[in-house]
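S.K.: No sequence on hand, only this structure:
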């Protein structure tokens with residue numbers, strides 16, 4: 001008896017880029033999502049992949065041989081037929097026949113789904129134990145789709161990139177350091193599923209959106225911790241917030257509201273100031289009304305490890321912009337040493353301060369600076 005299997009996960013980004021990546025690298029992305037090493041397809045075009053789930057606190061792993069057929073593109077949807085069976089012992093485990101589907105929803109939203117049928121093995125005996133098998137198959141499918149969504153976003157947006165910025169810019173922006181991992185949860189998402197998203201995404205917090213795709217808050221590990229802990233009663237705002245999280249039924253009720261947001265082109269300094277002032281661990285990054293990423297405290301620390309060559313290029317740009325072509329500099333471990341001459345003595349301190357504001361600069365030594373004209377001494 002065939003059983004229906006369907007699960008989906010929403011991602012944010014550019015649909016065409018997602019389609020192109022999924023169409024051309026389906027097997028590779030599936031293997032990465034399964035946690036396997038990427039291997040070349042066999043002669044029949046199939047690849048081996050590990051399905052993983054957890055049953056009663058026990059990890060369940062099963063190797064399957066996956067056959068991937070040519071994808072079919074519609075106006076708003078891409079469908080890639082897939083089928084798999086256990087390898088070895090295909091007669092002991094369910095077989096699956098269905099499609100990976102990428103549906104464009106609009107406003108930078110896509111829905112990645114796995115839809116199809118699986119067939120329990122062993123005839124009537126298989127039906128008798130199908131409750132166990134269906135739970136395991138469904139858990140495996142949910143995990144696979146969520147990890148596939150993450151791999152797809154990472155592939156398209158190159159999340160493992162090093163810090164990239166225009167070396168001539170003194171001030172980095174949020175766009176330079178943020179994680180464009182567009183993982184969100186809907187306000188109606190159950191706490192169990194929301195916790196699964198946090199674990200699968202590897203984030204300490206994710207934006208929560210309403211039915212209109214508007215950001216209403218951020219759900220963090222801290223918010224969910226109160227649901228795991230004992231009920232806390234008492235007076236005061238902290239106790240009241242803890243009780244509300246403990247009694248929450250979905251992500252919208254458990255999340256911290258409102259979400260503290262910033263723009264991708266905001267300077268890192270401004271974003272860090274906002275983060276410190278509001279005492280939050282992450283900011284949701286917006287481009288107009290669209291979520292484009294998230295920036296955390298640890299992302300901000302990437303500024304401190306900016307390469308000396310980039311710092312040097314930024315300092316050169318600052319000095320050129322100020323017309324101080326007589327000033328030389330060296331950079332070592334984020335420390336900038338200035339020498340040569342500024343045009344006016346009154347410019348020594350301002351030049352040092354402007355150089356100090358270059359992101360990544362930890363110290364500026366201007367003790368060796370001279371000046372062409374003394375406009376300070378009467």
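M.R.: Received it, and whenever you're ready, just let me know what you need. Being a predicted model, the structure only gives us computed values, none of them experimental.

S.K.: Quickly note the distance from residue 250 to residue 371.
M.R.: Going from residue 250 to residue 371 by C-beta to C-beta, to the nearest Å gives 65 Å. From N, CA and C alone the C-beta is placed, and that goes for glycine too.

S.K.: Likewise for residue 215?
M.R.: Distance of residue 215 to residue 371, given as C-beta to C-beta: 52 Å.

S.K.: the more surrounded of those two?
M.R.: With neighbours defined as other C-beta atoms under 10 Å, residue 215 and residue 371 compare such that residue 215 has more, 20 against 17.

S.K.: mind listing what the more buried one touches?
M.R.: Contacts for residue 215 (C-beta atoms under 8 Å, 6 or more residues apart in numbering) come out as 184, 207, 208, 209, 259, 261, 284, 286, 291.

S.K.: for residue 285, same thing?
M.R.: Residue 285 is in contact with 174, 175, 178, 261, 262, 263, 264, 291, 292, 293, 294, 295, counting by C-beta under 8 Å, 6+ apart.

S.K.: which ones among those are found in helices?
M.R.: Residues of the contacts of residue 285 located in helices (DSSP state H): 174, 175.

S.K.: out of the contacts of residue 285, who's nearest residue 146?
M.R.: Closest approach to residue 146 among the contacts of residue 285 (C-beta to C-beta): residue 294, at 17.0 Å.

S.K.: okay, now the closest one: neighbour count?
M.R.: By other C-beta under 10 Å, the residues close to residue 294 number 26.

S.K.: Could you do residue 112 as well?
M.R.: 22.

S.K.: Quick check: which helices or strands does whichever strand or helix holds it pack against?
M.R.: In the assignment (DSSP states H and E), residue 112 maps to strand 109-119. Under the contact criterion of 3 or more C-beta pairs under 8 Å, 6 or more residues apart in numbering; DSSP states H and E, strand 109-119 touches strand 3-12, strand 95-106, helix 130-157.

S.K.: farthest pair in the contacts of residue 215?
M.R.: The most widely separated members of the contacts of residue 215, counting by C-beta to C-beta, are 208 and 286 (14.1 Å).

S.K.: Just want to know which of those two has more residues nearby.
M.R.: residue 208 (28 against 19).

S.K.: Does residue 219 belong to a helix, a strand or coil?
M.R.: Following DSSP: H, G, I helix; E, B strand; the rest coil, we place residue 219 in the strand state.

S.K.: how close does the residue lying closest to it once chain neighbours are set aside sit to residue 317?
M.R.: Of all residues not flanking residue 219 in the chain, residue 255 sits nearest, at 4.1 Å (C-beta to C-beta, 6 or more residues apart in numbering). Counting by C-beta to C-beta, the gap from residue 255 to residue 317 is 41 Å.

S.K.: between those two, who's got more neighbours?
M.R.: Each of residue 255 and residue 317 has its neighbours counted (other C-beta under 10 Å); residue 255 has more, 27 against 16.

S.K.: Buried ones from the contacts of residue 285, can you make that a PyMOL selection?
M.R.: Buried residues within the contacts of residue 285, by 16 or more other C-beta atoms under 10 Å, are selected in PyMOL with:
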select buried, resi 174+175+178+262+263+264+291+292+293+294+295
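
S.K.: correct me, but residue 216 touches residue 209?
M.R.: Yes - under the criterion of C-beta atoms under 8 Å, residue 216 makes contact with residue 209 at 6.7 Å.

S.K.: Which residues are in contact with each of the two?
M.R.: With C-beta under 8 Å, 6+ apart, residue 216 and residue 209 have common neighbours residue 187.

S.K.: List the contacts of residue 267.
M.R.: 171, 172, 173, 174.

S.K.: Could you tell me how many residues sit around the first one?
M.R.: By other C-beta under 10 Å, the residues close to residue 171 number 16.

S.K.: cool, the second one as well?
M.R.: Neighbour count of residue 172, defined by other C-beta under 10 Å: 25.

S.K.: quick one, phi psi at it?
M.R.: phi -80, psi 160 (degrees, to the nearest 10).

S.K.: and the gap between residue 67 and residue 196?
M.R.: Computed with C-beta to C-beta, the distance linking residue 67 and residue 196 is 28 Å.

S.K.: nope, residue 46 is what I meant
M.R.: With C-beta to C-beta as the criterion, residue 46 and residue 196 are 29 Å apart.

S.K.: Residue 292 too?
M.R.: 23 Å.

S.K.: Any regions of the protein where pLDDT drops low?
M.R.: Scanning the chain with the threshold set as pLDDT under 70 gives 1-2, 54-59, 90-92, 107-108, 120-137, 157-170, 181-182, 200-203, 228-243, 245.

S.K.: Now do the contacts for the closest residue to residue 76 other than its chain neighbours.
M.R.: Distance criterion C-beta to C-beta, 6+ apart; nearest residue to residue 76, sequence neighbours excluded, is residue 104 at 4.4 Å. By C-beta under 8 Å, 6+ apart, residue 104 lies in contact with 15, 76, 77, 110.

S.K.: go with 6 Å
M.R.: 15, 76, 110 (C-beta atoms under 6 Å, 6 or more residues apart in numbering).

S.K.: go on, residue 256?
M.R.: So residue 256 contacts 217, 218, 223 (C-beta under 6 Å, 6+ apart).

S.K.: So which of the residues you listed is the closest to residue 53?
M.R.: For these, the nearest to residue 53 is residue 223 (26.0 Å; C-beta to C-beta).

S.K.: Could you measure from residue 263 over to residue 360?
M.R.: 21 Å.

S.K.: Quick one: residues in contact with stretch 176-190.
M.R.: 11-13, 153, 157, 159, 165, 194, 197, 201, 206-210, 250-252, 285, 293-295, 299, 302.

S.K.: end to end, how far does it reach?
M.R.: One end of stretch 176-190 to the other measures 33 Å (C-alpha to C-alpha, to the nearest Å).
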